[in-house]
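Novice: Okay, here's the prediction I keep looking at, along with the sequence it came from:
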Amino acid sequence: MRSILAGALLVASAAASPLFAQSVGLPVGTVAPAAAVQTLDGKLVDLKQYIGKTPVVIEFWATWCPSCKELEPTFIALGRKYGSKVKLLGVAVSVNQSPARVKAYAKKHALPLEVLWDHDGNATDVYAAPATSYVVIIDKAGKVAYTGLGGKQNLDAVVAKLVR
């Protein structure tokens with residue numbers, strides 16, 4: 001959780017430099033860790049339960065994050081193009097938001113993500129999220145295939161390689 005607060009300034013510089021965006025968070029090739037989060041109605045789930053069936057795209061996001069807002073069309077396009085061939089998850093950080101606010105925002109903006117709530121920052125810490133708009137793509141084998149930060153990320157290029 002501390003990394004989200006400390007990394008808020010990284011978003012602007014990461015958006016300007018794609019190479020920087022690739023040098024943050026979990027190392028590519030590592031096994032995606034388990035992380036306890038909650039559904040928006042308070043049920044406990046583990047991110048590990050989504051891994052191993054299809055590629056998984058996880059965004060650590062917030063309703064107040066401008067880079068996250070900039071990524072919304074990318075996620076909508078991924079949802080339309082790949083459907084059930086990829087799992088799209090939004091892990092809402094708990095900084096300055098509530099599950100009710102997150103739920104209302106996701107509904108209003110028709111986000112194609114299954115939105116989860118990181119109440120205590122467990123997933124944020126385990127996934128080494130440096131800021132909101134941090135994206136981790138996990139392959140079918142459960143390994144990190146991509147990490148990136150900022151509002152301009154070419155997620156389709158990575159997902160296209162993983163769904164073949």
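Specialist: Thanks, I have the structure now. Please read these numbers as outputs of a predicted model, since none were measured by experiment.
Novice: shouldn't V56 be in contact with K87?
Specialist: Yes: here V56 reaches K87: they are 4.6 Å apart, a contact under CB atoms under 8 Å. For the C-beta atoms, the positions are set from N, CA and C on the backbone; glycine is no exception.
Novice: Between those two, point out the one with more neighbours.
Specialist: Counted by other CB atoms under 10 Å, V56 and K87 do not tie: V56 has more neighbours, with 22 against 17.
Novice: hmm, back to that, overlap in contacts, V56 and K87.
Specialist: Y50 (CB atoms under 8 Å, 6 or more residues apart in numbering).
Novice: Closest to the centroid, which residue in this protein?
Specialist: The centre of the chain sits closest to E59, judged by CA atoms, centre = their mean, with a distance of 1.1 Å.
Novice: now it, which residues is it bridged with?
Specialist: Residues in a beta bridge with E59, per DSSP bridges, are G90, V135.
Novice: Could you pull up the residues touching it?
Specialist: By CB under 8 Å, 6+ apart, the neighbours of E59 are C68, L71, F75, L89, G90, V91, L113, S133, Y134, V135.
Novice: Where neighbours are concerned, which of the residues you listed has the most?
Specialist: Counting neighbours by other CB under 10 Å, Y134 leads the contacts of E59 with 33 neighbours.
Novice: Just give the nearest non-adjacent residue to that one, would you?
Specialist: Excluding the flanking residues, the one nearest Y134 by CB to CB, 6 or more residues apart in numbering is F60, at 4.5 Å.
Novice: The one you found against A129, yeah?
Specialist: Yes: with contact defined as CB under 8 Å, F60 and A129 form a contacting pair (4.3 Å).
Novice: higher neighbour count, these two?
Specialist: More neighbours surround A129 than the other of F60 and A129, with 30 against 27 (other CB under 10 Å).
Novice: any idea how far the more buried one is from P99?
Specialist: 18 Å (CB to CB, to the nearest Å).
Novice: Likewise for V144?
Specialist: V144 is 27 Å from P99, by CB to CB.
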